[in-house]
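Visitor: Here's a sequence, model it:
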Amino acid sequence: MTTQPSNEPTVVPTCYRHPGRETYVRCQRCDRPICPDCMRDASVGFQCPECVAEGNKGMRQAQSVFGGRAVTTPRVTWALLIVNVLAYAAETVSTEWVLTNFMMNAYEVGYNGEWWRLITGAFLHQPLSGGGFALTHIVFNMWALYAIGPELERRLGSARFLTLYLLAALGGSVAVYLFGIAAVGASGAIYGMFAALFVLAKKLGYNAQGVLWLIGANAVITFVVPGISWQGHLGGLITGALVAAVFAFAPARNRSAIQWGGCAAVLIVLVALVLGLPPFAVQAELGIFG
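Guide: Here you go, the predicted structure:
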């Protein structure tokens, strides 16, 4: 007796996400067929994207030292570097237009309501037409961001690091608004990073003497070299220290709420200073009193 071959065609399994692709591999959890594009490495065999996502829901996300999500690649640092360099490139193409419309100018903020200058001015630098100090200005600031930014971003998490940077930049601009005339540069944010590095080092029990020397040396340069805005440096330093202290010393219980609430309080104070106080240095220069 012989067995007759079946005339029924063999059904070839296809990927459940890509029906046009044949595959003989199945997800180890749900047993659905998956093609190479849908395979995700598992401890044994492969899993489909849905099963991997479902499994990750029950896993606790890794956190940085001070509560932010763990950072492997400091993307915020690189993004800030790119934005600063692009802004500098725009200055070289159209120096007068960029500076006229976007540099930090206390008169324009106080009397014409051009609030955006409080932030945009922190992404501009001394233009090439400004002489020998021009390249030194942006090179030093970008070197500091490159050297310190990744460490702070890993300690704080990307969102907290970006908040620190922007609030310190704003703090520097507010100090320029109150006690200066005009300025450009990321120095307020950079000095805020210096202060944050010191605060976090003290919190973690590290030797912060090197950071103190760094701050001290830059403070001397600030007051010795002409044309540097001490107001922006000081404002950024104080603001950065305050924000870093909020991040570092917030109690573990309700830490995120306290940290973000503290940052919101710093922002409100900075805004209130601009709303409630006049630009004193501008008034003195214009002979306006009261």
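Visitor: alpha carbons only for contacts and neighbour counts from here, please
Guide: Will do.
Visitor: Counting neighbours, which bits of stretch 210-218 end up buried?
Guide: Across stretch 210-218, burial judged by 16 or more other C-alpha atoms under 10 Å covers V211, I215.
Visitor: And stretch 159-169, by the same measure?
Guide: Residues of stretch 159-169 classed as buried under the neighbour-count rule (16+ other C-alpha under 10 Å) are R160, F161, L162, T163, L164, Y165, L166, L167, A168, A169.
Visitor: Can you verify my assumption that the last one contacts V184?
Guide: No - under the criterion of C-alpha atoms under 8 Å, A169 lies out of contact with V184, with a separation of 10.7 Å.
Visitor: shared neighbours of the two, anything?
Guide: Residues touching both A169 and V184 comprise A122, with contact defined as C-alpha atoms under 8 Å, 6 or more residues apart in numbering.
Visitor: Residues contacting the helix or strand harbouring L275, please?
Guide: L275 is part of helix 255-276, with elements assigned from DSSP states H and E. Outside helix 255-276, the residues within contact range by C-alpha under 8 Å, 6+ apart are 67, 110, 163, 167, 170-171, 174, 177-178, 239, 242-243, 246-247, 250-251.
Visitor: pretty sure A159 is touching F66, no?
Guide: No - using C-alpha under 8 Å, A159 is not in contact with F66, being 11.5 Å away.
Visitor: The stretch 1-150 of the chain: helices as residue ranges?
Guide: Counting by DSSP state H, counting those that start in this stretch, one finds helices in the stretch 1-150 of the chain at the ranges 49-57, 75-93, 95-102, 106-112, 117-120, 133-156.
Visitor: what's the distance between P36 and Y16?
Guide: With distances defined as C-alpha to C-alpha, to the nearest Å, the gap from P36 to Y16 amounts to 12 Å.
Visitor: out of these two, which sits in the busier spot?
Guide: Y16 (17 against 12; other C-alpha atoms under 10 Å).
Visitor: coming back round to it: show me what counts as buried in the helix holding L275.
Guide: Along helix 255-276, the positions that meet the burial threshold by neighbour count (16+ other C-alpha under 10 Å) are R255, S256, I258, Q259, W260, G262, C263, V266, L267, L270, L273, V274.
Visitor: Sounds good, over and out.
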